[in-house]
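Trainee: I would like the atomic coordinates for the input below:
(chains A and B)
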Number of protein chains: 2
Amino acid sequence: MTTIDIPEGSLFGLDNLPYGVFSTPGTAPRVGVRVGDSVVDLAAALGDEVFAQPSLNAFMAQGYDRWVEVRSRLVSLVQGDVPAAAVFGVDEVRLHLPVEVADYVDFYASEHHASNLGRLFRPDAEPLMPNWKHLPVGYHGRSGTVVVSGTDIVRPCGQRKAPDEDAPTFGESRRLDIEAELGFIVGVGSPLGSGVSTADFTRHVFGAVLVNDWSARDIQAWEYVPLGPNLGKSFATSISPWVVPLLALEAARVPTPVQDPPVLPYLRENEPWGLDVDLSVTWNGQEVSRPPYREMYWSPAQMLAHMTVNGACSRTGDLYASGTISGPEKDQRGAFIELTWGGKEPVTVNGEERSFLLDGDEVSISATAPGAEGRIGFGEVRGRILPATEAKR
Amino acid sequence: MTTIDIPEGSLFGLDNLPYGVFSTPGTAPRVGVRVGDSVVDLAAALGDEVFAQPSLNAFMAQGYDRWVEVRSRLVSLVQGDVPAAAVFGVDEVRLHLPVEVADYVDFYASEHHASNLGRLFRPDAEPLMPNWKHLPVGYHGRSGTVVVSGTDIVRPCGQRKAPDEDAPTFGESRRLDIEAELGFIVGVGSPLGSGVSTADFTRHVFGAVLVNDWSARDIQAWEYVPLGPNLGKSFATSISPWVVPLLALEAARVPTPVQDPPVLPYLRENEPWGLDVDLSVTWNGQEVSRPPYREMYWSPAQMLAHMTVNGACSRTGDLYASGTISGPEKDQRGAFIELTWGGKEPVTVNGEERSFLLDGDEVSISATAPGAEGRIGFGEVRGRILPATEAKR
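Mentor: This is a model prediction of the structure:
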């Protein structure tokens, strides 16, 4: 048996306890929980086969009461003696995609981001579309290309046409960008023909991850009318390996900004589900932005209610992301296209003027939030850009 | 043992042999093949466990050579004696969703449809966007709401705002529509960072189904800028239960219409993959349209090449649909919004003037194509509209 040391000020104390999927050399991926700088093998520690799976889906599908029960058992467990064979250092393990992603929806819930992108993509029109303050605008992304933090990102190729060009050309994206987002994972689905009310949010959503919605702005700008982004986004979406339970985010809850005009009844909330999560974006190790999630116009409870109000079912493993998190200040913008205003106002990264991503660049997004005791951490979502592969094209 | 009778002129002769998933009362769903008016239980007839699954995915993942081999064995099998316990009448079985759908992408590949919709949704602008003839425009839909033919469709609710209204209201869709499409199912995926060339189409795509992409036009019109359709489509997409193998469609292959301007190299085809499939749309039993698939501007090989050219992986079970099939004639339009020109030119259905779908309406889409011997059938995709449920809203 062993005891688990939680360093003073750790972002992974007893008030966090995020779940992930890990493996050690020669062993199969299975569910673990992070405590301090340790990972506890839950199948080994609790003797429950639901954790001997390569994703959180089976556990998440057991529902809210079970989430509460396991969390409570974990608090007792890690304060006492734990079988030594069930404890690993976080640096000893490999982390995998924590969930088998069912459907992936990406929203557009930051007023600052939507306004900035509107100005950049449609300079002659009103920045916000007429629908924007009435519903959380979103679209479906590609589930199959959701990857775990640390996965290298191959620079995408595709069609691009600059405004001064007559016809599109094919080649690698010259405007490769990030989007710093928070993602929410559905643990318990809802049937077809039904819907999830804002009040039922916590019975369905298990937890949250960090998301980097890599975006090829040149491909996106040419393709996106009239059916929305596709190839400009579908090459990769990275998520952080640790799923922070909603149960750990109680102390982070804040009201959303005032919603005016008032929303339709199905989007009203009795309890606030804005979240006071502070993100940090680093580019080759230098922090370039600190997006504040508390500025998001739409809450995740409103997003889920909207997504299912037409009778669409939701499923265990559904991932929906907030869209880029941008605050009102320039250094709070969660995408480089905004931060550098379409590349026209470069930022200085390690002494170099930079606008979009170059091959070899690495971006890491991390976040913290108030926990029940101190601050809790989301860990990070990180990715490095590899040169485009032109094979087979 | 028994022999299988194939009626003269059957659309399910030896040159078709579509696969599906069926069950009989008290038994588990498993893979079958349709021959004449019979369904052959493949696990029972061939003694192969890959067919004892509730989807075609495991079989499809075995790859092209295996698809050819099994098809050849089936031709021999059904011409000889088959174990009586492996043969069922098509009316005795229940048909299930034939594949576990991974990602679902919907294209927009009919020039007639895209032009008609452009005129209806954006009357003051050019009907075709500048990108339309350069790339197959498409977007991701909701995999979780792909349902098998025969599933009732609950009328969706959502936000709608007519042009003469100041603010959106919430309620049931008043402009519920269909889209008659052909869908293609990926059998063998392709890895992240790679891509599928047009020449490799047949190594990856297993077969085709009919698709009804139910569409709430009022919800769609209000929500779709700037990120594309979402709630207006995500409530349900129906597919036919029989997957017609690409191997059965050799005789149906035709060139696509001339593509001018010339397409970029990655979209060029050495062999034509237009398809001479004739669809029929019936509304409460009366045929109202005959969409011709041969008119589609983009081929399914081009759609897959485009979808993966940015390095996005594809997976076993990916479904991608053509978008509404509309020909140049009014009675060849595959959506009611086009057929009735936004509701302004109603059609007569069983003596009644009709524009959009009413509760209780039933729509069936069927199709045939040239086979190696006679014509082959896709069966049908059918759905009936149930009244909206306002529960929990």
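Trainee: tell me the pLDDT at whichever residue of chain A sits closest to chain B?
Mentor: Here chain A gets closest to chain B at one residue, residue A:228, 2.4 Å apart by CB to the nearest CB. Just so you know, the C-beta spots here come from the backbone N, C-alpha and C atoms, and that holds for glycine as well. The model reports residue A:228 with a pLDDT of 95.
Trainee: next up, the contacts around it.
Mentor: A:139, B:139, B:224, B:226-229 (CB atoms under 8 Å, 6 or more residues apart in numbering or on different chains).
Trainee: can you confirm it is in a helix?
Mentor: No - according to DSSP: H, G, I helix; E, B strand; the rest coil, residue A:228 belongs to no helix; its state is coil.
Trainee: that one and residue B:172: what is the separation?
Mentor: 25 Å (CB to CB, to the nearest Å).
Trainee: now residue A:143
Mentor: Counting by CB to CB - residue A:143 and residue B:172 are separated by 29 Å.
Trainee: these two: which has the busier surroundings?
Mentor: residue A:143 (25 against 20; other CB atoms under 10 Å in any protein chain shown).
Trainee: for the stretch 51-200 of chain A, which segments count as strands?
Mentor: Under the criterion DSSP state E, counting those that start in this stretch, the stretch 51-200 of chain A contains strands at A:87-89, A:94-96, A:104-107, A:138-140, A:146-148, A:153-154, A:157-160, A:169-172, A:176-177, A:180-186.
Trainee: among those, which is nearest residue B:132?
Mentor: strand A:157-160 (12.1 Å; CB to CB).
Trainee: contacts for that closest one?
Mentor: In contact with strand A:157-160 (CB under 8 Å, 6+ apart) are residues A:168-174, A:216, A:218-219, A:221-223, A:231-232, A:388, A:390, A:393, B:131, B:134-135, B:264, B:309-311.
Trainee: which of the residues you listed are buried? Put it as a PyMOL command.
Mentor: Restricted to buried positions by 16 or more other CB atoms under 10 Å in any protein chain shown, the PyMOL selection for these reads:
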select buried, (chain A and resi 168+170+172+173+216+218+219+221+222+223+231+232+388+393) or (chain B and resi 131+134+135+264+309+310+311)
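Trainee: next one: the residue lying farthest from the centre of chain A, what pLDDT does it get?
Mentor: In chain A, residue A:166 marks the outermost C-alpha relative to the chain mean, sitting 37.3 Å out by CA atoms, centre = their mean. Predicted confidence (pLDDT) for residue A:166: 92.
Trainee: what are the buried residues along the longest helix along chain A?
Mentor: Counting by DSSP state H, the longest helix found in chain A is helix A:64-79. Neighbour-count burial for helix A:64-79 flags A:64, A:67, A:70-71, A:74, A:77-78 (criterion: 16+ other CB under 10 Å).
Trainee: go on, stretch A:91-100?
Mentor: A:93, A:95-100.
Trainee: and what of stretch A:245-255?
Mentor: By neighbour count on 16+ other CB under 10 Å, the buried set for stretch A:245-255 is A:245-249, A:252-253.
Trainee: so which of the residues you listed sit within helices?
Mentor: Among those, no member lies in helices (by DSSP H).
Trainee: ok, these vs residue A:346, which is closest?
Mentor: residue A:252 (33.7 Å).
Trainee: wait, the closest one sits on residue A:273?
Mentor: No - Residue A:252 is beyond contact range of residue A:273, at 10.0 Å (criterion: CB atoms under 8 Å).
Trainee: let me see the contact set for residue A:79.
Mentor: For residue A:79, the contacting residues are residue A:14, by CB under 8 Å, 6+ apart.
Trainee: report the separation between residue A:208 and residue A:248.
Mentor: The value you get for residue A:208 to residue A:248, if CB to CB is used, is 9 Å.
Trainee: now residue A:203: how far from residue A:376?
Mentor: Residue A:203 is 22 Å from residue A:376, by CB to CB.
Trainee: check the burial of residue A:144 by counting its neighbours.
Mentor: There are 20 residues near residue A:144, going by other CB under 10 Å.
Trainee: and it, how far from residue A:101?
Mentor: Applying CB to CB to residue A:144 and residue A:101 gives a distance of 8 Å.
Trainee: so who does residue A:313 touch?
Mentor: For residue A:313, the contact set (CB under 8 Å, 6+ apart) comprises A:189-194, B:144-145.
Trainee: no wait, residue A:192
Mentor: Contacts of residue A:192 (CB under 8 Å, 6+ apart): A:311-313, B:145, B:147, B:154, B:236.
Trainee: which one of those residues sits closest to residue A:41?
Mentor: Out of those, the member with the shortest distance to residue A:41 (by CB to CB) is residue A:313, at 33.1 Å.
Trainee: and the stretch 201-350 of chain A, which residues reach chain B?
Mentor: A:216, A:219, A:222-232, A:234-236, A:261, A:264-266, A:306-307, A:309-315, A:318 (CB under 8 Å from any CB of the partner chain).
Trainee: just the ones in strands from the residues you listed, please.
Mentor: Those of these mapping onto strands are residue A:216, per DSSP state E.
Trainee: chain center to stretch A:266-280: distance?
Mentor: 15 Å (CA atoms, centre = their mean, to the nearest Å).
Trainee: list the buried residues for it?
Mentor: Here stretch A:266-280 shows A:266-267, A:269, A:273-275, A:277-280 as buried, counting by 16+ other CB under 10 Å.
Trainee: just stretch A:5-18 next, same as before
Mentor: Applying 16+ other CB under 10 Å to stretch A:5-18 flags A:6, A:10-18 as buried.
Trainee: need the CA coordinates for it. PDB is fine.
Mentor: These are the backbone C-alpha positions of stretch A:5-18, laid out as PDB (Å, rounded to 0.1, in the frame of the first residue of the first chain):
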ATOM      1  CA  ASP A   5       1.200  13.000  -1.800                       C
ATOM      2  CA  ILE A   6      -0.700  16.100  -3.000                       C
ATOM      3  CA  PRO A   7       1.800  19.000  -3.200                       C
ATOM      4  CA  GLU A   8       0.800  22.300  -1.600                       C
ATOM      5  CA  GLY A   9      -1.100  24.400  -4.100                       C
ATOM      6  CA  SER A  10      -1.600  21.600  -6.600                       C
ATOM      7  CA  LEU A  11      -4.200  22.200  -9.200                       C
ATOM      8  CA  PHE A  12      -5.200  18.500  -8.800                       C
ATOM      9  CA  GLY A  13      -6.300  18.300  -5.300                       C
ATOM     10  CA  LEU A  14      -9.300  16.500  -3.800                       C
ATOM     11  CA  ASP A  15     -11.600  19.200  -5.100                       C
ATOM     12  CA  ASN A  16     -10.700  18.400  -8.700                       C
ATOM     13  CA  LEU A  17     -10.300  14.600  -9.400                       C
ATOM     14  CA  PRO A  18     -10.500  14.600 -13.200                       C
END
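Trainee: what's next to that stretch, contact-wise?
Mentor: So stretch A:5-18 is contacted by A:33-38, A:71, A:74-75, A:78-79, A:207, A:242-245, A:248, A:251, A:368, A:371-379 (CB under 8 Å, 6+ apart).
Trainee: would you mind listing what in the stretch 51-200 of chain A touches chain B?
Mentor: Checking the stretch 51-200 of chain A against chain B by CB under 8 Å from any CB, the hits are A:102-103, A:105, A:108, A:118, A:121-122, A:129-131, A:134-135, A:137-145, A:147, A:154, A:156-159, A:161, A:167-170, A:189, A:192-197.
Trainee: residue A:137 reaches residue B:223, doesn't it?
Mentor: Yes - Residue A:137 lies in contact with residue B:223 (CB under 8 Å); the separation is 6.9 Å.
Trainee: which neighbours do those two share?
Mentor: A:131, B:230.
Trainee: quick one: the helices in the stretch 251-393 of chain A?
Mentor: Using DSSP state H, counting those that start in this stretch, the helices of the stretch 251-393 of chain A run over A:300-308, A:336-339.
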